[in-house]
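Trainee: Give me a 3D structure for the following:
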Amino acid sequence: MPYRLNPAGGCPHADNARLLARGSVAPVVLPGGVEGMAVLGHETLKEFLQHPEVAKNATHFTELREGRIPAGWPLLTFATVRGMTTADGDDHRRLRGLVSRAFTPRRVEELRPRIEELTASLLDGLERAAVAGVADLRRHFALPLPMSVIGELLGVDAEFRDRLHHLSSQVVATGIGPEEAVAANRQLVAVLAAVAAARTERPGDDLTSALIAARDEDGDRLGQEELIGTLVLMIIAGHETTLNLITNAVRALCGHRDQLDLVRKGAASWADVVEETLRWDAPVSFFPFRYPVRDLTFGGTVIPAGTPVLAGYSAAGRDPAAHGPDADRFDVTRPARPDAVRGLSLGHGAHYCLGAPLARLEATVALERLFDRFPALDLAVPEDRLAREASFVGNSVRALPVRLGA
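Mentor: I've put the predicted structure just below:
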């Protein structure tokens, strides 16, 4: 029987384990009764993500093309937003090329001093926000760090950032109602159109200004719809993923003090913590969408052409076939696999996350400075009492109350 994804989200790992026990590909039911598939196994997902006959453009989405997907469908933006994540071939290379120069290893490393400066300031703010030694780390630290970095990179004024986070969190929510979904998308586009208009009038040393001015090799300017779609993707991917990564890493370390001790003793690095968190508790659980352009077989299961397929990153990260019988164990000393990666949670192939180096840098700096400043930091409530995000796309908790300690 198809697995009905819970629009309200929840911890995915128990259900992932049950699905993986049946096979590496599972039929699923998406909100609104839309039938889809999820690729869960590590090796099968790796094959799927780089298959030349798996597309990202929603013209291949059969039910959408035939007009059977309503306007208020909560996952519609993932399919229809104009940008890199919904483009294929030359179109994808053109759009990715316009943005990629901002995320080279050299350009990202140049951001380190600013990330360290922001981190120090936010740690001061976290301490000021504490009441009886307890503060919401997600709200006061894990969120504003990546939001500030991507905001500055894009030239988004600080006054817009809280609003953009609120709207983007609604866009990735899978349990949202049709009217709310439509309103959130319209408002997000409107805010980013205002940002683009401001940068058009007053260009700056930022990525939005560069995108507005950019021309590809054929001399074609980025269209307005593509520009706004690219900004939507950059804002959401540029902070939601890192927000969840930092949050999940702190939860993991607080729940596994022995692993934290290993890092403090030098037996593992903060980069190891980030990589193991990406594998063990991926910041994105099920990412929409890809579509086979013809009937294709993966993991012994036929996926019909035009089916909307989810990439099951949280499931692949704990796949025992790839990570061994202790795949459920958080282990910062776990070696990389023979293919030099622990997991696939930042993607694979042509659509590998452009911002991966930036996310890793932000998370590594954040975790090291956080536990240096507050070495006794711990959860203020039990893990099982932390409310989950209302989404099966994002994988984290809504708030993270921590006790900062002496």
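Trainee: Phi, psi for the residue nearest to Asn57 when sequence neighbours are not counted please.
Mentor: Closest residue in space to Asn57, ignoring its immediate chain neighbours: Asp88 at 5.1 Å, by C-beta to C-beta, 6 or more residues apart in numbering. From N, CA and C alone the C-beta is placed, and that goes for glycine too. When read as degrees, to the nearest 10, the backbone of Asp88 gives phi -130, psi 160.
Trainee: Now for Asp88, how many residues are close by?
Mentor: Other residues near Asp88 come to 18 when the count uses other C-beta atoms under 10 Å.
Trainee: residue contacts, it?
Mentor: 55-57 (C-beta atoms under 8 Å, 6 or more residues apart in numbering).
Trainee: Over to Leu379?
Mentor: 251, 254-255, 386, 400-403.
Trainee: Closest to Pro144 out of the contacts of Asp88?
Mentor: Lys56 (31.0 Å; C-beta to C-beta).
Trainee: where's that closest one relative to Leu354, distance?
Mentor: Going from Lys56 to Leu354 by C-beta to C-beta, to the nearest Å gives 14 Å.
Trainee: which stretch of helix or strand covers the closest residue in space to Ile69 that isn't next to it in sequence?
Mentor: Sequence neighbours aside, Glu63 is the residue nearest to Ile69 in space, at 5.4 Å (criterion: C-beta to C-beta, 6+ apart). Taking DSSP states H and E as the definition, Glu63 sits inside helix 62-65.
Trainee: export that helix as PDB, just CAs?
Mentor: Output of helix 62-65 as PDB, limited to C-alpha atoms (Å, rounded to 0.1, in the frame of the first residue of the first chain):
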ATOM      1  CA  THR A  62       1.600  14.500 -15.800                       C
ATOM      2  CA  GLU A  63      -1.100  15.600 -13.400                       C
ATOM      3  CA  LEU A  64       0.000  19.200 -13.500                       C
ATOM      4  CA  ARG A  65       0.200  19.300 -17.200                       C
END
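Trainee: From the contact counts, what lies against that helix?
Mentor: If you count contacts as 3 or more C-beta pairs under 8 Å, 6 or more residues apart in numbering; DSSP states H and E, helix 62-65 packs onto no helix or strand.
Trainee: Show me which residues of the longest helix seen in the chain are buried.
Mentor: Secondary structure of the chain per DSSP state H: the longest helix is helix 224-255. Judged by neighbour count using 16 or more other C-beta atoms under 10 Å, the buried positions of helix 224-255 are 226-254.
Trainee: which residues of the stretch 101-250 of the chain fall in strands?
Mentor: 134-136 (DSSP state E, counting those that start in this stretch).
Trainee: For it, give me the ranges with low pLDDT.
Mentor: For the stretch 101-250 of the chain, applying pLDDT under 70 flags the ranges 215-221.
Trainee: how does it look with 80?
Mentor: By pLDDT under 80, the low-scoring segments of the stretch 101-250 of the chain are 101, 214-222.
Trainee: mind listing what's buried in stretch 317-328?
Mentor: Buried-residue list, stretch 317-328, by 16+ other C-beta under 10 Å: 317-319, 322-323, 327.
Trainee: possible to save those as a markdown table with secondary structure?
Mentor: A markdown table is the format used below for these (DSSP: H, G, I helix; E, B strand; the rest coil):
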| residue | secondary structure |
| --- | --- |
| Gly317 | helix |
| Arg318 | coil |
| Asp319 | coil |
| Ala322 | helix |
| His323 | helix |
| Ala327 | coil |
